[in-house]
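> Provided below for reference: sequence and predicted model.
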Amino acid sequence: DIVMTQSPVSLAVSLGERATINCKSSQSVLYSSNNKNYLGWYRQRPGQPPQLLIYWASTRESGVPDRFSGSGSGTDFTLTISSLQAEDVAVYYCQQVYNTPWTFGQGTKVEI
Amino acid sequence: QVQLQESGPGLVTPSETLSLTCTVSGASITGQVYFWSWTRQRPGKGLEWLGHIYYSGTTAYNPSLRGRLSMSLNTSKNQFSLKLTAVTAADTAVYFCARADYSGKAPDYWGPGILVSVSS
């Protein structure tokens, strides 16, 4: 199984400040035939299902605010929230969909 | 607009079978670019992918479930289902159904989730 390791486990950021979350995979999730990283980022607010923010490591999902951005390739990835808003208080997860079983990171709790 | 909705019993007796259905609207489960997946979240814990089923009926399951899991399609009702046998308290969780894309896009549309408790 591909192990996904997120850091930090929790993060406190002031409103309007930048939040950065890291995700490392135990093996590459770069699909060589199309040069895409099979890596997604989610935001999960309390009592809600996960919401896809970023797919292919850096492509923003339709309707997601541009303060969310993803970067990285291969085994090391980053989710950045450029200016934290109150509605961004949540747990954030990365997930690889390169190999089954698809696996998630353990989550990063973002607080104000 | 694509929508998914989980349904099933909220309480299951230990050693019995947990059966859930996901009803899809706004997209056909026979579409050749989609996987239909199940993920669960134990209380206060992270997300665990359980498996998915392709329009052809091809499935992939999480080996951690040790052969207890099966999935199926009901194309006439545009639904897909999950069966988990021999449940224990460790299977108590919120179960989510979701749609994933064959291109390697992570699941984009999710149901709201259904809490299933395993208790006698």
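Cool, the structure landed.
> partner strands of the strand or helix carrying residue A:70, parallel or antiparallel?
Using DSSP states H and E, residue A:70 sits in strand A:68-73. Within its sheet, and counting by DSSP bridges, strand A:68-73 is paired with strand A:76-81 (antiparallel).
> got the contact list for residue B:70?
B:59, B:61, B:82-83 (CB atoms under 8 Å, 6 or more residues apart in numbering or on different chains). Every residue, glycine included, has its C-beta placed from N, CA and C.
> at 6 Å instead, please
Residue B:70 is in contact with residue B:83, counting by CB atoms under 6 Å, 6 or more residues apart in numbering or on different chains.
> report pLDDT for it.
Looking at residue B:70, its pLDDT is 97.
> and residue B:102, by the same measure?
At residue B:102, pLDDT is 84.
> that one contacts residue B:36, doesn't it?
No - here residue B:102 lies out of contact with residue B:36, judged by CB atoms under 6 Å, at a distance of 11.5 Å.
> now whichever residue of chain A sits closest to chain B: closest residue in space, sequence neighbours ignored.
Going by CB to the nearest CB, chain B is nearest to residue A:40 of chain A, at 2.6 Å. Nearest in space to residue A:40, with sequence neighbours left out and distances taken as CB to CB, 6 or more residues apart in numbering or on different chains, is residue B:106 at 2.6 Å.
> hey, C-alpha coordinates of stretch B:32-45 in CSV?
C-alpha atoms of stretch B:32-45 as CSV (Å, rounded to 0.1, in the frame of the first residue of the first chain):
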residue,chain,number,x,y,z
GLN,B,32,-17.4,4.6,-19.0
VAL,B,33,-15.3,7.2,-17.3
TYR,B,34,-16.4,6.8,-13.7
PHE,B,35,-15.6,4.7,-10.7
TRP,B,36,-18.3,4.5,-8.0
SER,B,37,-16.6,4.3,-4.6
TRP,B,38,-17.3,3.8,-0.9
THR,B,39,-15.3,5.5,1.9
ARG,B,40,-15.9,5.4,5.6
GLN,B,41,-14.9,7.4,8.6
ARG,B,42,-14.9,5.9,12.1
PRO,B,43,-16.0,8.4,14.8
GLY,B,44,-13.4,11.0,15.4
LYS,B,45,-11.0,9.3,12.9
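> please work out the average pLDDT along it.
On average, stretch B:32-45 scores 95.
> and chain A, which residues reach chain B?
Residues of chain A found near chain B, taking CB under 6 Å from any CB of the partner chain as the criterion, are A:31, A:36, A:38, A:40, A:49, A:52, A:55, A:93, A:95, A:97, A:100-102, A:104, A:106-107.
> the strands in chain B, which residues?
B:3-7, B:11-12, B:18-25, B:34-41, B:47-54, B:59-61, B:69-74, B:79-84, B:93-101, B:109-110, B:114-118 (DSSP state E).
> partners of the second one in the sheet?
Each strand that strand B:11-12 pairs with, and the sense of that pairing, follows from DSSP bridges: strand B:114-118 (parallel).
> so who does the most centrally placed residue in chain B touch?
The residue lying closest to the centre of chain B (CA atoms, centre = their mean) is residue B:38, at 2.9 Å. Taking CB under 6 Å, 6+ apart, we find residue B:38 in contact with B:50-51, B:82, B:97.
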